[in-house]
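Trainee: Give me the fold of what follows.
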Amino acid sequence: MANMDKFAQQIHDARRPLNNISMQAELIKMLAESNEQATDILAAADKIIQYCQQCSEQLQTMQKHR
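Mentor: Alright, predicted model coming up:
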């Protein structure tokens, strides 16, 4: 049981920076949307958000199957 609690805590700790990255990427996206020549920045921000969401989903799956 202690191993499960430790594993759950590790997943929680890993998810926290992912959420921070995602929030920063969304902020970049909002700022870049006001600039018509920012298509590359928008695409990069979208990818960052997508990868963060995928990683979070993978961590959730790990937590369920542990």
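Trainee: other SSEs contacting the helix or strand Leu27 falls within?
Mentor: According to DSSP states H and E, Leu27 maps onto helix 2-32. Contacts defined by 3 or more Cβ pairs under 8 Å, 6 or more residues apart in numbering; DSSP states H and E place helix 2-32 against helix 39-65. All C-beta atoms are positioned from the backbone trio N, CA, C, and that covers glycine.
Trainee: what comes up buried for the helix it packs on?
Mentor: Judged by neighbour count using 16 or more other Cβ atoms under 10 Å, the buried positions of helix 39-65 are 45, 48-49, 52, 55-56, 59.
Trainee: In this structure, which residue is most central in space?
Mentor: Taking Cα atoms, centre = their mean as the criterion, Cys52 is the residue nearest the geometric centre of the chain, at 2.6 Å.
Trainee: Identify the residues contacting Ser22.
Mentor: 48-49, 52-53 (Cβ atoms under 8 Å, 6 or more residues apart in numbering).
Trainee: nearest to Gln9, of those residues?
Mentor: Cys52 (19.9 Å; Cβ to Cβ).
Trainee: which non-adjacent residue is nearest that closest one?
Mentor: Ser22 (4.1 Å; Cβ to Cβ, 6 or more residues apart in numbering).
Trainee: So the one you found versus Lys47, what's the distance?
Mentor: Using Cβ to Cβ, to the nearest Å, Ser22 is found at 12 Å from Lys47.
Trainee: what's stretch 10-17 in contact with?
Mentor: Counting by Cβ under 8 Å, 6+ apart, 56, 59-60, 62-63 sit against stretch 10-17.
Trainee: One more pass at 7 Å, please.
Mentor: For stretch 10-17, contacts defined as Cβ atoms under 7 Å, 6 or more residues apart in numbering pick out 56, 59, 62-63.
Trainee: Check the average confidence over that stretch, would you?
Mentor: The average pLDDT within stretch 10-17 is 82.
Trainee: coming back round to it: can the contacts of Ser22 go into JSON lines with extra columns for pLDDT and distance to Leu27?
Mentor: Shown next, in JSON lines, are the contacts of Ser22 (pLDDT from 0 to 100; distance: Cβ to Cβ, whole Å):
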{"residue": "Ile48", "pLDDT": "90", "distance to Leu27": "11"}
{"residue": "Ile49", "pLDDT": "92", "distance to Leu27": "11"}
{"residue": "Cys52", "pLDDT": "91", "distance to Leu27": "13"}
{"residue": "Gln53", "pLDDT": "90", "distance to Leu27": "16"}
